[in-house]
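Trainee: only geometry, no sequence info:
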C-alpha cells in the first residue's frame, strides 16, 4: 500500500480495531462491513437510490491490506480524515456515498442517500486505484 489511509483523527473519537478476520483479499482504503459469517468484507450495500436515510451504515475504513482469513485493522468513528478508495472524478465539497464495492461515489439523491463522507480534495490515483481525501461524517 503506497497511500496512507488515516490522515488525521483530529482528536475525534476514532478507533482502530481488529473486529474480525477478512472474508476475502481486501485493499486498504475500502469501506468495510461485517457479513453474516462474522467476516470483514467490502461494504456491499449500495447507499444510493434508497427510500430513506435509515439505510445501513458501514463499519469503517480498512487501514491496511488484509488477505482472506487475516486479521483486519479498521478505522471507525466520525470526524476523521482518511484517504478512501473511490470512483474517479470526485471534487472538493461533494457529499459521498458507498457503492456496492466498498468505494465512495457521487450521491445521486441527497434527500434519500446515506451520506458517508464529504470530499476534502479531488480524486487522486495511487497503485492503479483511485482515492479521495474525505471527512467521515
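Mentor: Structure received. Note that this is a predicted model, so its numbers are computed, not measured.
Trainee: When you work out contacts or count neighbours from here on, use the C-alpha atoms and nothing else.
Mentor: Noted.
Trainee: longest strand in this structure, by residue count?
Mentor: The longest strand of the chain (DSSP state E) is strand 129-136.
Trainee: Show me what counts as buried in it.
Mentor: Under the neighbour-count criterion of 16 or more other C-alpha atoms under 10 Å, strand 129-136 has 130-136 buried.
Trainee: bridging residues for residue 95?
Mentor: residue 118 (DSSP bridges).
Trainee: tell me the contacts of it?
Mentor: Going by C-alpha atoms under 8 Å, 6 or more residues apart in numbering, residue 95 touches 106-107, 115-119.
Trainee: measure it to residue 87 for me?
Mentor: 13 Å (C-alpha to C-alpha, to the nearest Å).
Trainee: strand partners of the longest strand of the chain, parallel vs antiparallel please.
Mentor: Strand pairing for strand 129-136, using DSSP bridges, gives strand 81-85 (antiparallel), strand 117-119 (antiparallel), strand 124-126 (antiparallel).
Trainee: Now do it: distance to the chain's middle.
Mentor: Mean-position distance between strand 129-136 and its chain equals 8 Å (C-alpha atoms, centre = their mean, to the nearest Å).
Trainee: quick one: contacts of that strand?
Mentor: Taking C-alpha under 8 Å, 6+ apart as the rule, strand 129-136 contacts 29, 77-88, 90, 116-125.
Trainee: For the spatially most central residue of the chain, which residues count as its bridge partners?
Mentor: Centroid check for the chain by C-alpha atoms, centre = their mean gives residue 31 as the closest residue, at 2.7 Å. On the basis of DSSP bridges, residue 31 is bridged to residue 61.
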